[in-house]
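A.B. asks: just coords:
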DNA sequence: AATAACGTAACTCGTATAGTTACGAAAGGA
DNA sequence: TCCTTTCGTAACTATACGAGTTACGTTATT
């Protein structure tokens, strides 16, 4: 399993906030993600700084969406969590002056950059609302199979 | 710097073996990569198992290319080192039954798979000989700037 | 005031590559 | 035969970074 799951987890949270909980504390979100409130605050700080969610302290506080899911792209979320490294493979400058190493690493960098550009282009096109629609389709199919039930098959949020 | 540099390093070694050293011990290769002979043997074991290089024990032993660089693609090398994980981002199954999580992770997986397919297609197209040609062009330009000199600007191999 | 919540620093944990040590096996030379 | 060179490999340590945890401060509501 890849080491960095922040993007996936933040998307998960945003959809739950839109569909199910409206305002949620870090504690509640932590239960959705099966983790700790501190991890949640850390991951969501960037989303707050960029205006996708707001946080309120004190009684009745918590997190709230500050715009519609159709106004948040996957690229927005990727940037909000700090644009973490995409690839786990890459160069390692053993002898930076070696022209062989330079040639190899330049091609590797260029090739990875193409893949990165593709990913960024996709991320820019897909909104969180698109993912929420995917969820609705799965949910409809789920109701056909299992009959009417809770809003989330997991019962956790 | 990405954590896994095996592919880049193996490409570097293959080109040096073709152009400069023909037969090299793990010790010599370790110096090219500024590392340890054991690390070299570990990384090259897969290349040997797939027939791209041979290893000989004892006096006068070492590593040797067993085919031309134009018969080795980047995909061959990627596979030979064990097809390591490409991406450092991805899902994290917190609540596998949650339909929201499923929807998010399915899209993420699909998008990453597209980028992976692009990379694999590129890797399949590019041969190590292409990288060696890149090196030759850099070397020619280097000689124009600095006059005739050693075969490798680093002097390390 | 007391309580509920976020904000954040600082530390530990998990995991995978990289690096190191140690030792065995094989090949060739003296 | 014995010694040296070299690969093969297990096992351990070092490093890096996201994730998880603890602790404590701040703010807002009751």
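C.D. replies: Noted; the coordinates are in hand. Values in this document were obtained by computation on a predicted structure and should not be read as measured data.
A.B. asks: counting contacts, what elements does the longest helix seen in chain A pack onto?
C.D. replies: Taking DSSP state H as the criterion, chain A has its longest helix at helix A:99-125. If you count contacts as 3 or more C-beta pairs under 8 Å, 6 or more residues apart in numbering or on different chains; DSSP states H and E, helix A:99-125 packs onto helix A:74-80, helix B:6-16, helix B:99-125, helix B:128-146. (Glycine included, C-beta is placed from N, CA and C.)
A.B. asks: Mind listing what's buried along that helix?
C.D. replies: By neighbour count on 16 or more other C-beta atoms under 10 Å in any protein chain shown, the buried set for helix A:99-125 is A:99-105, A:107-108, A:111-112, A:115, A:118-120, A:122-123.
A.B. asks: ditto for stretch A:42-62
C.D. replies: Under the neighbour-count criterion of 16+ other C-beta under 10 Å, stretch A:42-62 has A:43-44, A:46-47, A:52-53, A:62 buried.
A.B. asks: Need the residue closest to the centroid of chain A.
C.D. replies: For chain A, the residue nearest the mean C-alpha position is residue A:7 (2.4 Å; C-alpha atoms, centre = their mean).
A.B. asks: what sits against the closest residue to residue A:88 other than its chain neighbours?
C.D. replies: Take residue A:88 and drop its neighbours on the chain: the residue closest to it by C-beta to C-beta, 6 or more residues apart in numbering or on different chains is residue B:88, 4.3 Å away. Contacts for residue B:88 (C-beta atoms under 8 Å, 6 or more residues apart in numbering or on different chains) come out as A:2-4, A:84-88, B:2-3.
A.B. asks: For these, give me CSV that also has distance to residue B:35.
C.D. replies: Listed next are these as CSV, based on distance: C-beta to C-beta, whole Å:
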residue, distance to residue B:35
A:2, 26
A:3, 23
A:4, 26
A:84, 27
A:85, 22
A:86, 25
A:87, 21
A:88, 19
B:2, 16
B:3, 15
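A.B. asks: Got a PyMOL select line for the buried ones in the residues you listed?
C.D. replies: Restricted to buried positions by 16+ other C-beta under 10 Å, the PyMOL selection for those reads:
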select buried, (chain A and resi 2+4+86+87+88) or (chain B and resi 2)
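A.B. asks: circling back to that earlier point, so how far is residue A:109 from the residue nearest to residue A:88?
C.D. replies: Remark: distance between residue B:88 and residue A:109 (C-beta to C-beta, to the nearest Å) = 16 Å.
A.B. asks: next one: residue A:145
C.D. replies: To residue A:109, residue A:145 is 47 Å away according to C-beta to C-beta.
A.B. asks: repeat for residue A:9
C.D. replies: Look at residue A:9 and residue A:109: by C-beta to C-beta, they are 29 Å apart.
A.B. asks: Quick check: residues of chain A near DNA strand D?
C.D. replies: With C-beta under 7 Å from any atom of the strand as the criterion, chain A meets DNA strand D at residues A:3-6, A:9, A:33-36, A:38-39, A:42-43, A:56-61, A:84-85.
A.B. asks: let's go with 6 Å and repeat that
C.D. replies: Residues of chain A lying close to DNA strand D by C-beta under 6 Å from any atom of the strand are A:3-6, A:35-36, A:38-39, A:57-60, A:84.
A.B. asks: Look at residue A:73 and say how many residues are nearby.
C.D. replies: 19 (other C-beta atoms under 10 Å in any protein chain shown).
A.B. asks: where does the spatially closest residue to residue A:116 that is not a sequence neighbour land on pLDDT?
C.D. replies: Using C-beta to C-beta, 6+ apart and skipping residues adjacent in sequence, the residue nearest residue A:116 is residue A:86, 5.7 Å away. Residue A:86 is assigned a pLDDT of 97 by the prediction.
A.B. asks: quick one: residue A:41 and residue A:29 touch, right?
C.D. replies: No - proximity of residue A:41 to residue A:29 does not meet the contact threshold set by C-beta atoms under 8 Å, at 9.1 Å.
A.B. asks: out of these two, which sits in the more crowded spot?
C.D. replies: A direct count of neighbours by other C-beta under 10 Å for residue A:41 and residue A:29 places residue A:29 higher, at 26 against 15.
A.B. asks: How about the contacts made by the more buried one?
C.D. replies: Applying C-beta under 8 Å, 6+ apart, the residues near residue A:29 are A:13, A:37, A:40, A:44, A:63.
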